[in-house]
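Undergrad: structure for this input, please:
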Amino acid sequence: MGVSLRALRALVLLFGFYLFCLAVLCLLVGSGVFVYWSLGAHPVTLKIIILPLLLTIPLIRGVLHVRTPQDDGEGGLPVTEAEQPRLWAAVREVAAAAGTRPPDEILLVGDVNAAVSENSRFLGLIPGHRRLYIGAPLMTGLTEDQLRAVLGHEFGHYCNADTRISAITLRGRHSVARTVKAFRLQSENQRAKERAKQEKAAEKRVRKGRRPKKIDTTGAGLGYRMMARLFVVYAKFYLRTTRSAGRRQELAADRVAVHVAGRDAAASALRRTAALAELHEFYVDSYATLGLRAGLLPPHGQFYGGLWYLLSDPGRRAEVERLSRELPEGEPSPYDAHPPMAERVRLIEALPDDGRGAGAPVQSSLVLLDDPEGVLARLEEATLAPEVLELRRAPWPELVHLGIRANYAADAEHLRRAAAEFTGGDGSLRALLDAVDGGLLWHIAGRLPGASQDGGEVLPHEILAELRHGLSRLAVLELVDARWAGWELSWSGAARLHLPEGYAESLPGAVAAVAAEIPDTRPLRGLLPAA
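TA: Numbering: from 1, shown residues only. This next block holds a predicted model:
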């Protein structure tokens with residue numbers, strides 16, 4: 001389908017939304033006029049027609065206040081050609097090979113992603129300012145040839161005028177989404193008002209010594225919710241209609257990537273990007289943000305740069321290779337414009353060998369950056385929240401140790417608070433064990449989340465497991481704070497907890513003895529350091 005036909009279809013879908021809104025508006029207003037004409041000027045008539053008239057307000061606002069979302073360049077670090085000449089030279093070279101105009105601006109972002117945008121005018125019919133977004137984690141994990149393939153794919157969207165036509169498509173999606181949001185917001189407001197009204201009435205009945213009525217907001221905002229569902233139906237139709245075109249655009253962009261970088265580089269770039277996305281999510285959760293609860297950040301530039309340590313570990317390299325081979329086959333979503341990754345790779349690898357796969361350099365594409373450590377430090381300043389940037393920087397070993405300690409303390413907080421209710425103070429492990437010896441264990445366990453607070457001596461299995469988990473955490477914290485134990489950083493696996501000799505075998509049994517039917521605190525006391 002040519003550019004003109006695709007633009008025409010996008011315009012038809014966009015105007016279809018406005019026609020749909022007009023039809024709904026006429027239906028609402030027409031129903032009010034019909035009721036008024038049938039019943040005449042009567043107080044009951046006003047009550048009947050007020051709902052459809054109120055429903056027109058978010059509908060009109062959703063239509064009139066909609067505009068094409070503008071790309072403001074926020075959320076990334078702009079890099080100029082003077083600052084990064086090698087990166088810009090590579091980008092210009094790929095754009096020339098793809099046969100399209102290069103971007104006017106390059107921004108580094110913190111995701112495993114690359115994207116292009118264009119602030120076109122007149123609903124995308126006239127080209128505009130172009131931006132290229134490159135994920136720093138993507139550069140960390142891809143070779144130069146693989147990065148060129150990724151850039152070739154993105155510039156393929158420029159070649160096919162996808163970025164210009166997407167302005168029309170995005171406007172339609174934005175219009176539907178904003179209208180649905182407006183109806184849902186009105187529904188939530190109505191339910192909140194109704195709840196407040198019923199709660200006030202219930203308090204009034206209690207003050208008069210009467211039993212309060214059960215609060216029920218089921219009917220509040222029902223009309224708004226029904227209108228939201230109506231527009232969700234159109235939204236699904238809109239997304240399904242544009243999905244096939246979006247998938248064709250992705251496959252066409254893949255062919256540009258092959259033309260620019262070669263078959264093997266394009267296929268391996270897709271495989272490795274899928275693996276990087278999964279591994280980077282693990283890195284962020286298990287390393288980069290591990291110290292947040294303890295008020296710590298990695299060293300400057302390492303929030304994103306630490307991914308290099310993970311990818312350099314031999315065990316992790318094997319994991320990346322496994323993930324690169326095992327691509328998911330299923331559909332990502334019935335509304336996703338991207339074909340399944342496995343299908344895209346199969347189509348590329350089925351192409352004839354172009355002889356560009358052998359002897360390619362394997363160094364990371366971070367070599368395209370001048371002073372990569374400084375660039376990654378600036379990227380943190382551009383993308384992380386100000387309150388996060390104020391946290392103390394700590395070396396990786398300290399961050400891992402204190403971060404896991406903070407997580408252990410959070411895990412044990414429910415048990416610590418429950419113990420404090422009966423023992424006073426801060427609910428320390430020693431005070432808890434004293435309370436157990438005093439026969440208060442089941443009362444304390446009854447204060448854990450999900451437990452009944454009747455002080456019974458029969459606990460559900462999940463509460464008993466929570467009790468043992470909290471006791472184990474408190475015991476480890478006692479050892480850690482006495483410097484008898486600690487966690488060791490590892491890039492190849494989970495951080496290792498170093499305990500005194502024999503403690504790893506003895507601690508589970510000692511904890512189980514405390515939480516037994518006849519509690520015995522002596523084994524656990526014997527493992528704790530002197531007070």
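
Undergrad: all helices of the stretch 401-531 of the chain, in order?
TA: 413-423, 429-437, 441-445, 461-481, 503-514, 522-527 (DSSP state H, counting those that start in this stretch).

Undergrad: so how far is the shortest one off the chain centroid?
TA: Averaging C-alpha coordinates over helix 441-445 and over its chain gives two centres that are 38 Å apart (C-alpha atoms, centre = their mean, to the nearest Å).

Undergrad: next, give phi and psi for V79.
TA: Main-chain dihedrals, V79, degrees, to the nearest 10: phi -130, psi 120.

Undergrad: identify the bridge partners of the nearest residue to it once chain neighbours are set aside.
TA: With sequence-adjacent residues excluded and distances taken as C-beta to C-beta, 6 or more residues apart in numbering, V79 is closest to I106, at 5.3 Å. C-betas here are computed from N, CA, C, even on glycine. I106 has these beta-bridge partners by DSSP bridges: V79, L132.

Undergrad: could you report the pLDDT at I106?
TA: Model confidence at I106, given as pLDDT, is 96.

Undergrad: from memory it sits against R86, does it?
TA: No - judged on C-beta atoms under 8 Å, I106 makes no contact with R86 at a distance of 12.0 Å.

Undergrad: these two: which is more packed in?
TA: I106 (22 against 12; other C-beta atoms under 10 Å).

Undergrad: which ones are touching that one?
TA: P78, V79, Q84, L87, W88, V91, R131, L132, Y133, I134 (C-beta atoms under 8 Å, 6 or more residues apart in numbering).

Undergrad: state the distance from it to R130.
TA: Using C-beta to C-beta, to the nearest Å, one obtains 10 Å as the distance from I106 to R130.

Undergrad: kindly report the same for E118.
TA: Distance, E118 to R130, by C-beta to C-beta: 5 Å.

Undergrad: and the next element down the chain from the helix or strand encompassing A252?
TA: Assigned by DSSP states H and E, A252 falls within helix 222-261. Later in the chain than helix 222-261, the nearest helix or strand by DSSP H and E is helix 263-283.

Undergrad: in its sheet, what does the helix or strand just after that next one sit against?
TA: Remark: after helix 263-283, the chain's next helix or strand is strand 296-297, criterion DSSP H and E. Strand 296-297 has the following strand partners under DSSP bridges: strand 392-393 (parallel).

Undergrad: how far does the strand it pairs with sit from its chain's centre?
TA: Counting by C-alpha atoms, centre = their mean, strand 392-393 comes out at 24 Å from the chain centroid.

Undergrad: any chance you could list what contacts that strand?
TA: With C-beta under 8 Å, 6+ apart as the test, strand 392-393 has contacts from G295, L296, L297, P298, P299, H300.

Undergrad: neighbour-wise, which of these leads?
TA: Most surrounded of those: other C-beta under 10 Å gives P298, at 23 neighbours.

Undergrad: what about stretch 191-199, distance to the chain center?
TA: Relative to the centre of its chain, stretch 191-199 is centred 32 Å away, using C-alpha atoms, centre = their mean.

Undergrad: kindly export it (C-alpha atoms) in PDB.
TA: Below are the C-alpha coordinates for stretch 191-199, written out as PDB (Å, rounded to 0.1, in the frame of the first residue of the first chain):
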ATOM      1  CA  ARG A 191     -18.700   7.000  42.900                       C
ATOM      2  CA  ALA A 192     -16.500   9.000  45.300                       C
ATOM      3  CA  LYS A 193     -19.300  11.500  45.900                       C
ATOM      4  CA  GLU A 194     -21.900   8.800  46.400                       C
ATOM      5  CA  ARG A 195     -19.600   7.000  48.900                       C
ATOM      6  CA  ALA A 196     -18.900  10.200  50.900                       C
ATOM      7  CA  LYS A 197     -22.700  10.800  50.900                       C
ATOM      8  CA  GLN A 198     -23.500   7.300  52.200                       C
ATOM      9  CA  GLU A 199     -20.700   7.400  54.800                       C
END
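
Undergrad: buried residues in that stretch?
TA: Using 16 or more other C-beta atoms under 10 Å as the test for burial, stretch 191-199 gives R191, E194, Q198.

Undergrad: pull up the distance across stretch 426-444, start to finish.
TA: Its first and final residues considered, stretch 426-444 spans 14 Å by C-alpha to C-alpha, to the nearest Å.

Undergrad: same check on stretch 295-306?
TA: 18 Å.

Undergrad: ok, residues contacting that stretch?
TA: Counting by C-beta under 8 Å, 6+ apart, residues outside stretch 295-306 touching it are 110, 136-137, 140, 283, 287-288, 291, 372-374, 376-377, 379-380, 384, 388-389, 391-396, 398-399, 402-403.

Undergrad: 7 Å - rerun?
TA: The set of residues external to stretch 295-306 that reach it, using C-beta atoms under 7 Å, 6 or more residues apart in numbering, is 110, 136-137, 283, 287-288, 291, 373, 376-377, 379-380, 384, 388, 391-396, 399, 402-403.

Undergrad: in strands only, show me those residues.
TA: R392, R393 (DSSP state E).

Undergrad: of the contacts of stretch 295-306, buried ones?
TA: Of those, these count as buried by 16+ other C-beta under 10 Å: 110, 136-137, 283, 287-288, 291, 376-377, 379-380, 384, 393-394, 396, 399, 402-403.

Undergrad: what's the angle from the helix or strand harbouring S117 to helix 263-283?
TA: Element membership of S117 [criterion: DSSP H and E] is strand 114-121. Per axes from the mean of the first three to the mean of the last three C-alpha atoms, to 10 degrees, the angle that strand 114-121 makes with helix 263-283 is 100 degrees.

Undergrad: how far off centre is strand 114-121?
TA: For strand 114-121, the distance to the chain centre is 23 Å (C-alpha atoms, centre = their mean).
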